[in-house]
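In: what's the 3D shape of this:
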Amino acid sequence: MLVENLMIQDVHTLRPDNTLREAEELMRTKNIRHIPIVTETLELVGLISEHDLKCALPSSLLTEQRHALNNRFIEEFMVTDVMVAHPLDFVEEMALLFFEEKISCLPIVSEGQLVGILTGTDILYTYIELTGAHKPSSQIELKVPDQVGTLHRVTAICATHRASIMSLLVYPDTKDSLKKIVSLRIKSISPQLIIEDLRKEGFELLWPNI
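Out: Okay, here's the model as predicted:
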């Protein structure tokens, strides 16, 4: 999946000469945690986050101190060394970047202009949608031999029972290099007959373990 299919295009932005008070108000009213800072031509020059605001405006400040800070410009507190992505980058690669760099958002830039934003929440929700976890379904996990044709055997059993496969994930078995774990979600709330046939075919059932 490409970033352009997932990114938020209607991005709330501010300018470097906006104030911390304006950033705080925008985050509160729009329920967001990151604000890209741009020029008049939408060139990205920085980013300010909810965490940055909390550091700049700690709750321990006296009223007079907070009032003075509220009117300071964002450019004094924003992060300027911002990691960015392109609309044609792959979401899977960006997810790895989120994990490795411990970031929570990526501004999306094309031809020098801000065109969107991608957050960790967006990626998590997309995973939920892709796996079908938010829809009525049943999940089955199997330990299978790492051999050509194994997946065909699994999906053929589902087809025999006219069970539509909503998602299918395959990943290594960390305890046995000759095996794989197959996790599939099927459009059925009564998978007992499918489970029985999978067992008859010799597959080790990990879930449901009944």
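In: please report how far T13 lies from L47.
Out: T13 is 10 Å from L47, where distance means CB to CB, to the nearest Å. In short, each C-beta sits where N, CA and C put it, glycine included.
In: quick check: domain ranges of the chain?
Out: Per the record, the chain has its domains at 3-127, 136-207, by automatic domain parsing.
In: want to try CSV for these, with mean neighbour count as columns?
Out: What follows is those, written out as CSV (neighbours: other CB atoms under 10 Å):
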stretch, mean neighbour count
domain 3-127, 15
domain 136-207, 15
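In: can you redo those domains as CSV with mean pLDDT?
Out: As requested, the domains of the chain are arranged in CSV below (pLDDT from 0 to 100):
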stretch, mean pLDDT
domain 3-127, 92
domain 136-207, 94
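In: E4 and F90 touch, don't they?
Out: No - in this structure, E4 is not within contact of F90 by CB atoms under 8 Å, at 10.7 Å.
In: for this protein, which segments count as helices?
Out: 20-30, 50-56, 63-70, 91-101, 120-131, 150-160, 192-200 (DSSP state H).
In: next, the angle helix 150-160 makes with the last one.
Out: Orientation check (axes from the mean of the first three to the mean of the last three CA atoms, to 10 degrees): helix 192-200 against helix 150-160 gives 150 degrees.
In: would you point out which residue is most central in this structure?
Out: I123 (1.5 Å; CA atoms, centre = their mean).
In: wouldn't that one be in contact with A95 here?
Out: Yes - using CB under 8 Å, I123 is in contact with A95, at 5.1 Å.
In: so the nearest residue to S137 once chain neighbours are set aside bridges to which residues?
Out: Counting by CB to CB, 6 or more residues apart in numbering, R185 is the residue found nearest to S137 once chain neighbours are left out, at 4.9 Å. For R185, the beta-bridge partners under DSSP bridges are Q139, S167.
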